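# Just to be clear, the model below is a prediction. Sequence and coordinates:
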Amino acid sequence: MTKKDTISISSKFLITTATYAAVMVAAILIMAKFFAWMRTDSLSLQASLIDSLLDMAASIINLLVVRQALKPADDEHRFGHGKAEALGGLGQSAFIAGSAVWLIIDALHRLFHPHPLQESGTGSVVMIVAILLTLLLVIYQRYVIKRTRSLAISADSLHYIGDLYTNIGVLISLNISVLFGWTRLDSLVGAGIAGYILYTSWTIGHRALDVLMDRELPDKARLHITQIALKDPRVWGIHDLRTRSAGLQDFIQMHLDMDEKLSLLEAHDVANDVELALQAAFPHAEIIIHQDPVPNREAISS
């Protein structure tokens, strides 16, 4: 038996608005940081600018990917289009990694050939605005992720959570470098930002590969599934439990062991009750249950 849980209109709305919000915030930050970088010639600010450019590119990719992922299942894609999110995440990961390596090389060059910053006032104002805008966006993204479990929004949010730390680091670096003449600090902060971007790239890529390779749900989730199924006293055991995730939707398959003396209608009712209980715990899951008749409980372990 099967049960397909369609993506709700509210979830689609939240995911779509989150992608548009990310693009708008990234565009504003790019213009502001570019102006500040031209005024200060700060490497850490340049690194933050490039990070925002990457965020913009990633958010645009997400916008396109989410449109595809939210399409309902059709005759050619019976399991839906959820893996489009993972494909987009994998592309983001490779793109971001290359940019991070370039930043590290530039930071090393500046570290051995430092030069003083021109002024920090403009850069400081821009970074304060960037911190506030990014914080508001991250709060909204976390809300959307909690409601929808979107991999695309989760990946995008990682960029902007990193921005919070990097923007704070740039703000401190700008002022200390100008006030105390510690010109190499700016290069070190720039290298640190690049390192964080590289780590973010690995995180996104790893999660995307898990989805594309049909990795099982976490052990905690699988244990919960087993406990729900065995809670019904008419279920003597379960086997061949298989799980995977594809974007917004999970897939759960299992075999239930039941008394062979049950009628077909009774066995169907048992499976239906288990499915309803699982659907309540995993509302975004498509569940397939097969009923296996067994002569007695001892036959299950034999």
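Received the coordinates, thanks.
# What's the separation between the closest residue to I96 other than its chain neighbours and A194?
Spatial nearest neighbour of I96, excluding adjacent residues (C-beta to C-beta, 6 or more residues apart in numbering): S201 at 4.1 Å. The way it works is simple: take the backbone N, C-alpha and C, and place the C-beta from them, glycine included. Per C-beta to C-beta, to the nearest Å, S201 is found 11 Å from A194.
# Could you do A57 as well?
For A57, the distance to A194 - C-beta to C-beta - is 16 Å.
# Looking at these two, which has the bigger crowd around it?
Each of A57 and A194 has its neighbours counted (other C-beta atoms under 10 Å); A194 has more, 25 against 17.
# for that one, what are its contacts?
A47, A100, V101, L103, I104, A107 (C-beta atoms under 8 Å, 6 or more residues apart in numbering).
# now, the most widely separated pair of the residues you listed?
Farthest apart among those by C-beta to C-beta are A47 and V101. That separation is 12.4 Å.
# Between these two, which is the more surrounded one?
Neighbour comparison, A47 and V101: the larger count goes to A47, with 32 against 14 (by other C-beta under 10 Å).
# So that one: helix, strand or coil?
helix (DSSP: H, G, I helix; E, B strand; the rest coil).
# residues contacting I289?
I289 makes contact with M1, Q253, M254, H255, L256, A271, V274, E275, according to C-beta under 8 Å, 6+ apart.
# The fourth one contacts V235, doesn't it?
Same thing as H255. No - in this structure H255 lies outside contact range of V235 using C-beta atoms under 8 Å: 10.5 Å.
# So between the two, which is more surrounded?
Each of H255 and V235 has its neighbours counted (other C-beta under 10 Å); V235 has more, 19 against 16.
# and the more buried one, that one's in a helix?
No - going by three-state DSSP, the assignment for V235 is coil, not a helix.
# roughly how far apart are it and T122?
Counting by C-beta to C-beta - V235 and T122 are separated by 67 Å.
# Identify, from the contacts of I289, the entry nearest to T17.
For the contacts of I289, the nearest to T17 is E275 (32.2 Å; C-beta to C-beta).
# The closest one: neighbour count?
Applying other C-beta under 10 Å, we find 22 other residues in the vicinity of E275.
# The helix or strand harbouring it: what's the following helix or strand?
Per DSSP states H and E: E275 is located in helix 264-281. Per DSSP H and E, the first helix or strand lying C-terminal to helix 264-281 is strand 285-294.
# Dump that next one to CSV, keeping only the CA atoms.
Provided in CSV are the C-alpha atoms of strand 285-294 (Å, rounded to 0.1, in the frame of the first residue of the first chain):
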residue,chain,number,x,y,z
ALA,A,285,7.2,10.8,3.9
GLU,A,286,5.9,8.5,1.2
ILE,A,287,5.3,5.1,2.9
ILE,A,288,5.2,1.7,1.3
ILE,A,289,4.2,-1.3,3.5
HIS,A,290,4.1,-5.0,2.6
GLN,A,291,2.3,-7.5,4.8
ASP,A,292,4.0,-10.9,5.4
PRO,A,293,1.9,-13.7,6.9
VAL,A,294,3.8,-15.9,9.5
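# could you measure S59 against T19, distance?
6 Å.
# Restricted to strands, list the contacts of A194.
If you go by DSSP state E, the contacts of A194 have nothing in strands.
# what about the helices in the stretch 1-150 of the chain?
Along the stretch 1-150 of the chain, the segments classed as helices by DSSP state H, counting those that start in this stretch run 9-40, 43-69, 83-112, 121-148.
# Please identify which of those is closest to K231.
Closest approach to K231 among the helices of the stretch 1-150 of the chain (C-beta to C-beta): helix 121-148, 26.4 Å.
# Pull out the buried residues from that closest one.
Neighbour-count burial for helix 121-148 flags 122-124, 126-127, 129-131, 133-134, 137-138, 140-141, 144-145, 148 (criterion: 16 or more other C-beta atoms under 10 Å).
# for that helix, the distance to its chain's centre please.
Remark: helix 121-148 is offset 17 Å from the chain centroid, using C-alpha atoms, centre = their mean, to the nearest Å.
# which strands and helices sit next to that helix?
Secondary-structure packing of helix 121-148 (3 or more C-beta pairs under 8 Å, 6 or more residues apart in numbering; DSSP states H and E): helix 9-40, helix 43-69, helix 151-180.
# could those go into TSV alongside distance to A84 and mean pLDDT?
Shown next, in TSV, are the helices and strands packed on helix 121-148 (distance: least, C-beta to C-beta, whole Å; pLDDT from 0 to 100):
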stretch	distance to A84	mean pLDDT
helix 9-40	12	85
helix 43-69	4	76
helix 151-180	8	75
